[in-house]
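J.: pasting a predicted model and its sequence here:
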Amino acid sequence: MRDFLYSTGPLFPLGVFCFVSLQPPKLRPPPQTAVHGMEVGGSDSNGRQFKNAEEMWRDQAGDPSKKTEWYSHGVGYWEGVDASVDGVLGGYGHVNEADIGGSEAFLNTLLSERFPNAGTDSHLVALDCGSGIGRVTKNLLIRYFNEVDLLEPVSHFLEAARENLAPENDTFSDMHKATNFFCMPLQEFTPNAGRYDVIWVQWCIGHLTDDDFVKFFKRAKAGLKPGGFIVLKENIARTGFVLDNEDRSITRSDLYYKELFSQCGLHIYKIKDQSGWPNELFAVKMYALTTDSPKRVLRTRSKVQANKPGIIK
């Protein structure tokens with residue numbers, strides 16, 4: 001849903017990513033002791049400690065009524081946020097340029113490797129998840145894709161996106177347009193099979209519980225064309241997770257994400273850190289995910305090395 005940045009320290013009342021889209025930059029919390037293996041311990045924005053993610057989710061969304069409250073609270077938070085760049089970025093509108101620049105560099109690399117004929121004989125379609133007011137679509141995706149669909153659960157954000165991307169307000173040709181505007185949350189959305197070359201998920205996945213995270217990405221996989229991929233751009237906790245009580249979202253660690261990717265049957269094709277980011281905010285990573293296993297790089301030894309007799313001990 002929207003763009004919201006998480007910072008890493010005392011959490012400011014900044015917009016945090018709603019259900020599905022950009023969770024704005026957030027303040028970085030104090031360092032925690034590193035945990036070996038899967039990092040599942042964490043804390044909330046009030047300093048409460050959880051021994052693992054299971055304990056946290058049981059407390060926050062452990063039964064149907066709690067889960068319903070979790071999601072309604074998240075959407076409700078964003079319904080009270082102004083439909084502007086500064087609003088969807090949680091008061092950090094000045095990071096918009098760095099964010100788009102980092103995303104564009106990452107996307108350019110991916111398109112050149114995955115779709116070398118893009119722009120010639122191909123018709124590329126993207127899905128912008130947690131699209132908010134259409135910030136990422138307008139500044140990035142619509143310049144590279146012939147069609148972009150927007151998915152956003154907050155109605156006044158989506159209406160702003162529709163206005164921002166209206167043909168009369170757009171400088172792009174008829175060959176590049178926003179096609180569909182879906183007003184619904186990620187956990188309820190099922191894409192049409194084989195429609196998308198790229199599914200872009202930014203600053204919104206923190207609103208999904210772990211089980212809905214896995215279910216969403218399994219459905220998203222079916223929405224990809226052959227060779228298509230998913231980009232997840234998110235705030236990253238140093239270890240474990242940090243729960244934001246104000247907007248009901250969770251910032252996961254890199255290891256936490258990798259465990260969930262494995263459960264989804266997704267493989268990491270490429271990872272890149274967002275550069276030029278304010279130090280007080282959570283670090284941000286970009287993951288390119290595919291359904292195909294990464295190819296192994298076979299290392300061959302030189303003939304001299306290969307024919308060298310082994311040492312007998």
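T.: On my side now, so go ahead. This one's a predicted model, so the numbers in the text were calculated from it and none came from an experiment.

J.: and the helices in the protein, which stretches?
T.: 53-61, 64-79, 85-88, 96-114, 135-136, 142-144, 155-164, 210-222, 254-264, 303-307 (DSSP state H).

J.: so which bits of the strand ranked longest in the chain are buried?
T.: Longest among the strand segments of the chain by residue count, using DSSP state E, is strand 224-236. Applying a neighbour-count criterion of 16 or more other CB atoms under 10 Å, one finds 224-225, 228-236 buried in strand 224-236. For every residue, glycine as well, the C-beta is placed using N, CA and C.

J.: over to stretch 55-72?
T.: Residues of stretch 55-72 classed as buried: 56-57, 60-61, 67, 70-71 (neighbour count, 16+ other CB under 10 Å).

J.: out of the buried residues of strand 224-236, who's nearest C204?
T.: Nearest to C204, judged by CB to CB, of the buried residues of strand 224-236 is E234 at 8.6 Å.

J.: for R48, see how far away that closest one is.
T.: Counting by CB to CB, to the nearest Å, the gap from E234 to R48 is 22 Å.

J.: now swap in E54 and tell me
T.: From E54 to R48 the distance is 15 Å (CB to CB).

J.: cool, and N146?
T.: For N146, the distance to R48 - CB to CB - is 47 Å.

J.: who's more crowded, these two?
T.: N146 (20 against 12; other CB atoms under 10 Å).

J.: how many other residues sit next to N46?
T.: Counted with other CB under 10 Å, N46 comes out at 10.

J.: might one say that it is in contact with L243?
T.: No - N46 is not in contact with L243 according to CB atoms under 8 Å; the separation is 9.0 Å.

J.: just for the stretch 101-250 of the chain, where's the confidence low?
T.: 119-120, 170-173 (pLDDT under 70).

J.: unless I'm mixing things up, F50 is touching S43, no?
T.: Yes - F50 is within contact range of S43, at 6.7 Å (criterion: CB under 8 Å).
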